[in-house]
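Colleague: build me a model:
(chains A and B)
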Amino acid sequence: RKEVEQDPGPFNVPEGATVAFNCTYSNSASQSFFWYRQDCRKEPKLLMSVYSSGNEDGRFTAQLNRASQYISLLIRDSKLSDSATYLCVVTNTGGFKTIFGAGTRLFVKA
Amino acid sequence: DAGVIQSPRHEVTEMGQEVTLRCKPISGHNSLFWYRQTMMRGLELLIYFNNNVPIDDSGMPEDRFSAKMPNASFSTLKIQPSEPRDSAVYFCASSPTPNGEDTQYFGPGTRLTVL
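Modeller: Numbering: from 1, shown residues only, chains lettered A, B, ... in the order given. Below is the predicted model of the structure:
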């Protein structure tokens, strides 16, 4: 079983749709959680950190469920510019290890 | 701030040749990471430095790979000898805090093709 698992997609949605991604992790000692965005042939960039209390940034909402060991990302009112790959990232402090999920591809269509 | 700088951006070489990838982290960042990204395996952490000291190199695939960080502003990843299966995009990232607990800032990557 992979340490961090994501649905690879692709998710094909129309503009204005709401789309949700989930990510599960296997190490219960994981400490830090992030969502990164990667555009085609570009480097990953931080989208948002994920806190236990959940956090929201405009159209984006991230949630953490430690009991079930998953994190989620919700995108409301999708824009064409949201088309990208979304990477779930988990950091295990004890092992100083950062693990990226394989990513979920999103295509937003006009 | 210039961000993380990597060179070269593209490298095409023949099997058996030595390849050296270079990285300049963001000034003041304590941690530096080397990643490899392929379609098959996704983004893999190869090695992580904290204050110029290698902390975790368990992701380095084999002895043909080596990484150094002689000072806070420069790191290299070397492959000797290179093989076609090393073809990938290699990213360097830096972070202001240890252990990857904070945001990692990625460079633009080096696209390596080994023929």
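
Colleague: next, the buried residues of the worst-scoring helix or strand of chain B on mean pLDDT.
Modeller: Taking mean pLDDT, DSSP states H and E as the measure, chain B has strand B:53-56 as its least confident helix or strand, at a mean of 90. Of the residues in strand B:53-56, residue B:56 count as buried by neighbour count, 16 or more other CB atoms under 10 Å in any protein chain shown. All C-beta spots, glycine's among them, are computed from the backbone N, C-alpha and C.

Colleague: in the next helix-or-strand element following that strand, what counts as buried?
Modeller: Later in the chain than strand B:53-56, the nearest helix or strand by DSSP states H and E is strand B:65-71. For strand B:65-71, the buried set under the neighbour-count rule, 16+ other CB under 10 Å, comprises B:65, B:67, B:69.

Colleague: ok, stretch B:42-55 next?
Modeller: B:42-43, B:45-50.

Colleague: give me the contact list for it.
Modeller: A:44, A:87, A:96-103, B:30-37, B:56-57, B:59-61, B:65, B:67, B:69-72, B:75, B:77, B:91, B:98-100 (CB atoms under 8 Å, 6 or more residues apart in numbering or on different chains).

Colleague: surely residue A:12 meets residue A:109?
Modeller: Yes: shown here, residue A:12 and residue A:109 form a contact pair, counting by CB atoms under 8 Å, at 6.5 Å.

Colleague: SS state for residue A:5?
Modeller: For residue A:5, the secondary-structure state derived from DSSP: H, G, I helix; E, B strand; the rest coil is strand.

Colleague: state the distance from it to residue B:68.
Modeller: From residue A:5 across to residue B:68, the span is 33 Å (CB to CB, to the nearest Å).

Colleague: now do residue B:109
Modeller: 19 Å.

Colleague: ok, residue B:33 next?
Modeller: 14 Å.

Colleague: same question for residue A:67.
Modeller: In this view, residue A:67 and residue B:68 are 42 Å apart by CB to CB.

Colleague: could you do residue A:49 as well?
Modeller: Remark: distance between residue A:49 and residue B:68 (CB to CB) = 31 Å.

Colleague: partner strands of the strand or helix carrying residue B:77, with direction?
Modeller: Residue B:77 is located in strand B:74-79, with elements delineated by DSSP H and E. For strand B:74-79, the paired strands and their directions (DSSP bridges) read strand B:19-24 (antiparallel), strand B:65-71 (antiparallel).

Colleague: okay, the residue most central in space within chain B: pLDDT?
Modeller: Nearest to the mean C-alpha position of chain B, counting by CA atoms, centre = their mean, stands residue B:34 at 3.1 Å. What the model reports as pLDDT for residue B:34 is 96.

Colleague: repeat for the one 3 residues further on
Modeller: In the predicted model, residue B:37 carries a pLDDT score of 96.
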